[in-house]
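Visitor: Requesting a structural model of the entry that follows:
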Amino acid sequence: MGLYKDFRSYRGLLHILLWNFYSWLFLAFTTMFIFAIDYAALLQIQKLIHPALMQHVTLALGHTTISAAFAYTAPFILRVIPTQSQVAPAHPAPASPERKPATEMNVIYAAIRESLENQVNGKICEWAYKYSWSVIKSTGRMLLTDLHRSGVISQDEFENARTLESSYKLCLDPSDDRDVKYELLRLMMSRSSYYDLSTRLERTAKAERAGAPL
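Guide: Numbering: from 1, shown residues only. Model prediction:
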């Protein structure tokens with residue numbers, strides 16, 4: 001059951017790796033490297049080591065042969081190799097911010113994030129045109145009330161959030177009014193998910209169309 005859940009969680013990544021050229025290139029390179037060690041280098045090692053001693057080495061390694069010895073000793077070798085200079089510089093250079101390497105997966109994740117942000121921003125713009133101030137304000141108040149009663153935010157956070165949302169007011173200029181609505185909706189989005197906020201806005205708009213006081 002756990003394996004099935006892991007597969008469902010990472011099936012997108014597995015699909016990308018399956019159709020990635022570099023994944024297959026890595027597998028091919030690893031296979032050739034193991035073959036070169038086990039069958040080419042092994043013949044040279046057998047000439048240097050006594051046959052009786054070589055039999056003991058083969059029994060100890062089993063079917064994994066010489067490549068296993070490299071895998072077993074790699075952690076110890078890496079621990080011994082110095083990774084930085086032992087002599088401290090007279091004037092240490094200022095630490096530069098670390099930059100992550102631009103791998104293919106980072107590019108893919110950045111593209112997915114940018115696409116999702118564009119879709120969300122487009123939806124918020126539609127909400128700013130579609131919903132009135134009374135609908136947006138009422139939805140914001142109910143959202144804060146639910147968060148406060150469920151213990152997600154404290155009383156002070158609740159009061160501060162209500163004061164902040166109350167500062168957004170109707171503007172006479174349509175362009176400015178739309179921008180203020182957009183900012184308020186972005187603020188509400190930071191406290192809720194896209195689906196939850198969309199559902200709340202539509203529910204409040206239906207109540208307004210039905211003549212219910214907001």
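Visitor: The protein - how does it break down into domains?
Guide: Domain ranges of the chain: 9-80, 118-209, per automatic domain parsing.
Visitor: ranking those domains by mean pLDDT, which is last?
Guide: Mean pLDDT values for the domains of the chain show the minimum at domain 9-80, a mean of 63.
Visitor: Report the buried residues of the top helix by length along the chain.
Guide: Counting residues, the longest helix in the chain under DSSP state H turns out to be helix 104-130. Buried residues in helix 104-130, counted by 16 or more other Cβ atoms under 10 Å: Lys123, Ile124, Trp127, Ala128. Where C-beta positions appear, they are placed from N, C-alpha and C, glycine not excepted.
Visitor: Now do the phi/psi pair for Asp173.
Guide: Per-residue torsions, Asp173: phi -80, psi 130 (degrees, to the nearest 10).
Visitor: Any idea how many residues pack against it?
Guide: Neighbourhood size, Asp173 [other Cβ atoms under 10 Å]: 9.
Visitor: Ok, Trp133 next?
Guide: Trp133 has 16 nearby residues by other Cβ under 10 Å.
Visitor: Spatially nearest residue to it, not counting backbone neighbours?
Guide: Among residues not flanking Trp133 along the chain, Leu170 sits closest, at 5.5 Å (Cβ to Cβ, 6 or more residues apart in numbering).
Visitor: And the contacts of stretch 140-150?
Guide: Under the criterion Cβ atoms under 8 Å, 6 or more residues apart in numbering, residues 153-155, 157-158, 161-162, 165, 184, 188, 191-192, 197, 200, 204 lie in contact with stretch 140-150.
Visitor: Would you check which pair of the residues you listed lies furthest apart?
Guide: For the contacts of stretch 140-150, the farthest-apart pair by Cβ to Cβ is Ser154 and Thr204; their separation is 25.1 Å.
Visitor: Between those two, which has more neighbouring residues?
Guide: More crowded of Ser154 and Thr204, by other Cβ under 10 Å: Thr204, with 23 against 10.
Visitor: Next up, the contacts around that one.
Guide: Applying Cβ under 8 Å, 6+ apart, the residues near Thr204 are Tyr131, Val135, Ser138, Thr139, Met142, Leu214.
Visitor: Show the buried residues in these.
Guide: Buried among these (16+ other Cβ under 10 Å): Tyr131, Val135, Ser138, Thr139.
Visitor: Look up phi and psi at the third one.
Guide: Spelled out, it's Ser138. According to degrees, to the nearest 10, the main-chain angles of Ser138 amount to phi -60, psi -40.
Visitor: so where do the helices sit in the chain?
Guide: Per DSSP H, the chain carries helices over the ranges 2-18, 21-35, 42-48, 51-61, 65-80, 104-130, 133-149, 155-166, 174-189, 194-209.
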